[in-house]
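Q: Make a model of this:
(chains A and B)
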Amino acid sequence: MEKWQDNRAWFLVLPVFVVVAFSAIIPLMTVVNYSVQDIFGPGQRVFVGTEWFEEVLADRRLHEALWRQFLFSGLVLVIEIPLGVMIALAMPKRGWGASASLVLLALPLLIPWNVIGTIWIIFTRPDIGLMGQAINGLGIPFDHTSSPLDAWITVVLMEVWHWTPLVALLAYAGLRAIPEAFYQAARIDGASAWSIFLYVQLPKLRGVLTIAVLLRFMDSFLIYAEPFVLTGGGPGNATTFLSIYLVKVAVGQFDLGPAAAFSIIYFLIVLLFSWLFYQALQNVGTGDAR
Amino acid sequence: MMPRKRTVGLIIYFLLLLLPIYWMLNMSLRPNADIMEHFAFYPSNPTIANYIKIFTDETWYSGYVNSIIYVSMNTVISLAVALPAAYAFSRYRFLGDKHMFFWLLTNRMAPPAVFLLPFFQLYSTFGLIDTYLAVALAHTLFNVPLAVWILEGFMSGVPREIDETAYIDGYSFPRFFLTVFMPLIRSGIGVTAFFCFMFSWVELLLARTLTTTDAKPIAAIMTRTVSATGLDWGLLAAAGILTILPGALVIWFVRNYMAKGFALGRV
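A: Here you go, the predicted model:
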């Protein structure tokens, strides 16, 4: 089906543009402005060109934080997307079971992000935490404040616990939007559960899964409050993700110029990868079952 | 056998999901000294002292009221502007449509730390600091793009013949949109409203930066209390439990929209 060509559609988009542009454009320009200047105080600033960008790009600790970030976001996507779809498929379609599942799924999503970190401290502490006690009780030493591996396991587990429900909710809503007639047709053809998933459900889920992948990529790549509260970026620098390092540069060293340049580069990386994901998901499977 | 295995898996998943929350509930029903003293699977002498403190201390409960007000404002604004825009994106081709669509999402991609300062300056210029409107508007930055994207997906799932038939039958656009189209995508609207509510509810950095006292969100009050008196795990856990409730209420109301999906051919 071709879309209708009509530039008057802009009138429908205009309110969105006005509301979003109000908060988006001026702060972005201000940060760009910071990134090319050396600021000594009010009214005292010198144009320094690309100096901050060169400095930031040469920073070895930033490179380390960046690789850590890619590893983290990669793990998050590989675990959360399939798990979320599986949960959505397993959920009851109607009745009290459906209602209960939806409410339960939503619980982790509704907790403010700093509180998430706090919960996981309480939950994993070896002395007062259920998980800490349980694992140590099995004879496996577990302490995320001293072992980098344990810290990673805890942070990834927290992230999966926190955000898989988002993927599941989106996938569930997408599944419910598939007309019953599609399933009936597949049943008449004698399709197996697996081929129904592959040829009926998955193509129809592409839209919501695109949103899910993009959201999970962006938010996990920008993650700050939860690991900061839980591990503070440690032990050592083991869980110092890009945002945590950015705040160290911005607040710790009180350098607005380099921090702004860092932010711009950070933003461009997220932009590039989101664009790649978007393109890939737009084109995947466009040929079949539409 | 297949469905039963699925159900067992689902139940195990939900049990695991509830464990950390149960642990928070457990903590919230115990005094802080008791928590630090010994490990316990359940509170042996449950007390609601932590909850009473939150409900009687204005600095605490006003945080909940503030959060609920700006989050509701944000959800209404986001849905009101996103619904027509999502329709435009799903039905029409217009100048710059694809760029506009992706540009919207780029607003979720900036790391907040350095952007907080220009945000504060911008909202000061308009005299909006410490108002509900400031936080509600600032949160549209990430909620409106999300709302447009989710709604567009649901709208594109509705065959265009429905629009055409309605226009031939003499429906005006507003009447078609409100009486025919919106009921068709109600599951999408429900999900979107929930997501707007949720993302606005849990966001801390912007909300904290743009407020000082009158509109201070609950999550910020929680961090302040932590730094002032050392960690009172019990009180913090009780406040955490209470942050879940408003959103759980919202999802309870939209659950039918999410669960029903839509039946084609009713028009």
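
Q: which stretches of chain B have low pLDDT?
A: Along chain B, segments meeting pLDDT under 70 span B:1-3, B:224-230, B:256-267.

Q: The strand or helix carrying B:I11 vs chain A: in contact?
A: Element membership for B:I11 (DSSP states H and E) is helix B:2-28. Yes. Judged by Cβ under 8 Å from any Cβ of the partner chain, helix B:2-28 comes into contact with chain A at B:2, B:6-7, B:9-10, B:13-14, B:16-21, B:23-24, B:27. Just so you know, the C-beta spots here come from the backbone N, C-alpha and C atoms, and that holds for glycine as well.

Q: how about the strands in the chain?
A: Unless you meant another one, I'm taking chain A. A:4-5, A:37-41, A:44-47 (DSSP state E).

Q: nope, chain B please
A: B:92-93.

Q: Type out the ChimeraX command that picks the buried ones from the residues of helix B:2-28 next to chain A.
A: Only the buried entries of those go into this ChimeraX selection, using 16 or more other Cβ atoms under 10 Å in any protein chain shown:
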select /B:6,10,13,14,17,20,21,23,24,27
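
Q: which of the residues of helix B:2-28 next to chain A sit farthest apart?
A: Spatial extent of the residues of helix B:2-28 next to chain A (Cβ to Cβ) is set by the pair B:M2 and B:M27 at 39.2 Å.

Q: all helices of the stretch 1-150 of chain A, in order?
A: Ranges of helices within the stretch 1-150 of chain A are A:10-35, A:51-57, A:60-90, A:95-109, A:113-124, A:130-137, A:148-176, based on DSSP state H, counting those that start in this stretch.

Q: Show residues contacting stretch B:188-197.
A: A:106, A:169-170, A:173, A:177, B:71-72, B:74-75, B:78-79, B:82-83, B:143, B:146-147, B:150-151, B:153-155, B:182, B:247, B:250-251, B:254-258 (Cβ atoms under 8 Å, 6 or more residues apart in numbering or on different chains).

Q: right, so the helices of the stretch 1-150 of chain A: which one is the most enclosed?
A: Counting by mean count of other Cβ atoms under 10 Å in any protein chain shown, helix A:113-124 has the highest mean neighbour count of the helices of the stretch 1-150 of chain A, with a mean of 24.

Q: Not counting sequence-adjacent ones, nearest residue to A:G132?
A: Closest residue to A:G132 apart from its sequence neighbours, by Cβ to Cβ, 6 or more residues apart in numbering or on different chains: A:P126 at 4.1 Å.

Q: Give me the phi and psi angles of that neighbour.
A: With angles defined as degrees, to the nearest 10, A:P126 sits at phi -60, psi -30.

Q: contacting residues around it?
A: Here A:P126 is in contact with A:132-133, A:136, A:142-143 (Cβ under 8 Å, 6+ apart).

Q: Pick out whichever of those sits closest to B:I221.
A: Among those, A:G132 lies closest to B:I221 (Cβ to Cβ), at 27.8 Å.

Q: Output the contacts of A:P126 as TSV; include the columns distance to B:P31 and pLDDT.
A: Listed next are the contacts of A:P126 as TSV, based on distance: Cβ to Cβ, whole Å; pLDDT from 0 to 100:
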residue	distance to B:P31	pLDDT
A:G132	21	82
A:Q133	20	82
A:N136	25	81
A:F142	27	78
A:D143	26	80
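
Q: separation between the residue nearest to B:I129 when sequence neighbours are not counted and A:V229?
A: Excluding the flanking residues, the one nearest B:I129 by Cβ to Cβ, 6+ apart is B:Y123, at 5.5 Å. As judged by Cβ to Cβ, to the nearest Å, B:Y123 and A:V229 stand 26 Å apart.

Q: For these two, indicate the residue with more neighbours.
A: Between B:Y123 and A:V229, B:Y123 has the larger neighbour count (other Cβ atoms under 10 Å in any protein chain shown), namely 24 against 19.
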